[in-house]
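1. structure of the sequence below:
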Amino acid sequence: MKRITIAAALVCMALIAGLGRRTTAQAGSFSTRGVWVSCFEYADLGLNDKSESVFRKNANLLFSRIKANGCNTVYFHVRSYDDAIYPSSVVGWSTRISKKGKALPYDPLKILIDSAHRYGLSFHAWMNPYRVTQKKVLNPASDKTNERIVAQVKEIVNKYKVDGIHFDDYFYPTNEKKYKKVKKATRMKHVNVMVRKVYDTVKKKSSRLKFGISPAGSMDYCESIGADVKTWMSSSGYVDYIVPQIYWSDQYIMLGKKTALFKERLAEWRLYNKRDIPMYIGLALYKAGESLKEDPGWRKKSSNIANQLSQIRAGNTEGYVLFSYLDLYRSGAAKEVKNYLTTVGKMSLNKKKKTIRAGKAYRLRASFSLTRLKGKTVTWKSSNKKIASVTKNGRIRAKKKGKVTIYASYGRLKKKCVVKVLAKKKKSSKKSKKK
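-> Here you go, the predicted structure:
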């Protein structure tokens, strides 16, 4: 009961704190509409151990589809296990991009960046700073570790036209015995040293370059592994933006009761964003349609992401990032994706008003702002079929004098056209005149 009371208080405090602050999101648009592309997706995307021509073709296909799904930013895995998807003088080749880590005869990262920019997408180089394997990490307390991470960041920003450097949520390991005795405050101190060094390195190259971090959605967990998120959001010199991974629905089961966990955590992150830095919310598209005992909302509803976007829009939060790309095309997530697309996309009709005579016909056409929605079947409906009917293809058939509204809908997208039907023209009779 105490936990619920505290959570409710956080929500209220966050709402109060939001008053008078930046209202970019309230305007109904997102400055950042992002998606993560993980190293575990390379093979399915045709980006693993391919010829340069095939790699280029598949890279173009990837970014065209990202654009078609309404995104404007991509966070692409370039360092996942103390490695690189480009020729590096700091670390070796990633086995995810080339067979057995063998050097490729071309530069995958340059091709990816050029292709992303061609489609109008911002490209952020996603790096995991410490992880070497699933069980082994670089020592966060070591100066050599910091030097190695900074050297690779410097290499990327100096060699490539990236738009930013992006870190994920892995910091101090949770499964290595030698780190278990390190106190929380010490962990955060060591990580902060690294974060500041990376920030300075990025800004030294160019003030336009962005450095951001995507921490876990639980602040308590973040701090337990050394991610000092409250400091990053309250003091300058750490990050330009933050992407908390709020990977829960609002039907989460906690202590046997349904909890609006997404809503609660969103309010908490807003509350602690003291500097009001740009904040984009990481959304768990990978859970869509899945049966999860502790979070059944992902199976019961297909509007989780869409509803979360509405909550993001309603406050001082500038965008979202989807995890991850392949889930945009996963069959189990299809309904969720449809609701997502019809939340961020727009539909328009070729006419908002139309005057037509009884007995005549006119074709209404619907168009979409997102190319992925192009060609989708629109449902048409007339408010009064006796005045004018409409076919399944949007063809209006005017019948008698009056006014009628034609409705078009696809998912959450709805538009209407007001049609005024005039009476039929009377046939004029010509009388012959005799002289």
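2. middle-most residue in the protein, spatially?
-> residue 321 (2.8 Å; CA atoms, centre = their mean).
3. was I right about that residue contacting residue 73?
-> Yes: in this structure, residue 321 is within contact of residue 73 by CB atoms under 8 Å, at 7.5 Å. The C-beta positions use only the backbone N, C-alpha and C, and glycine is treated the same way.
4. anything in contact with each of the two?
-> Counting by CB atoms under 8 Å, 6 or more residues apart in numbering, the shared contacts of residue 321 and residue 73 are 32, 34, 35.
5. just those now: which is nearest residue 330?
-> Minimum distance to residue 330 across these is 13.2 Å, recorded for residue 35 (CB to CB).
6. pull out the buried residues from the shared contacts of residue 321 and residue 73.
-> 32, 34, 35 (16 or more other CB atoms under 10 Å).
7. from those, pick the one nearest residue 238.
-> Closest to residue 238 out of these is residue 32 (18.5 Å), distances taken as CB to CB.
8. for residue 113, grab the count of nearby residues.
-> Burial of residue 113 is recorded as 23 neighbouring residues (other CB atoms under 10 Å).
9. quick one: residues in contact with the host helix or strand of it.
-> Element membership of residue 113, judged by DSSP states H and E, is helix 108-118. For helix 108-118, the external contacting residues (CB under 8 Å, 6+ apart) are 47, 52, 55-56, 59-60, 62-63, 74, 76, 78, 84-86, 97, 122-123, 125, 156, 160-162.
10. chain center to the longest helix belonging to the chain: distance?
-> With secondary structure taken from DSSP state H, the chain has its longest helix at helix 184-205. Counting by CA atoms, centre = their mean, to the nearest Å, helix 184-205 is centred 26 Å from the centre of its parent chain.
11. do the same with stretch 231-244
-> The answer for stretch 231-244 is 19 Å, by CA atoms, centre = their mean.
12. ends of that stretch, what's the gap?
-> 14 Å (CA to CA, to the nearest Å).
13. contacting residues for the closest residue to residue 302 other than its chain neighbours?
-> Nearest residue to residue 302 in three dimensions, chain neighbours excluded: residue 335, at 3.6 Å (CB to CB, 6 or more residues apart in numbering). Residues near residue 335 by CB under 8 Å, 6+ apart: 288, 289, 302.
14. next: residue 310.
-> Residue 310 makes contact with residue 343, according to CB under 8 Å, 6+ apart.
15. relative to residue 249, how far out is it?
-> Remark: distance between residue 310 and residue 249 (CB to CB, to the nearest Å) = 14 Å.
16. then residue 29?
-> Residue 29 is 24 Å from residue 249, by CB to CB.
17. just want to know which of those two has more residues nearby.
-> Under the criterion of other CB under 10 Å, the comparison of residue 29 against residue 249 puts residue 249 first, with 28 against 12.
18. all strands for the stretch 201-350 of the chain, in order.
-> 210-213, 241-242, 252-254, 257-259, 280-283, 319-322, 347-349 (DSSP state E, counting those that start in this stretch).
19. so which elements touch the next helix-or-strand element following the last one?
-> Tracing the chain past strand 347-349, the next element assigned as helix or strand by DSSP H and E is strand 353-357. With contacts taken as 3 or more CB pairs under 8 Å, 6 or more residues apart in numbering; DSSP states H and E, strand 353-357 sits against strand 395-398, strand 413-422.
20. all set now, cheers.
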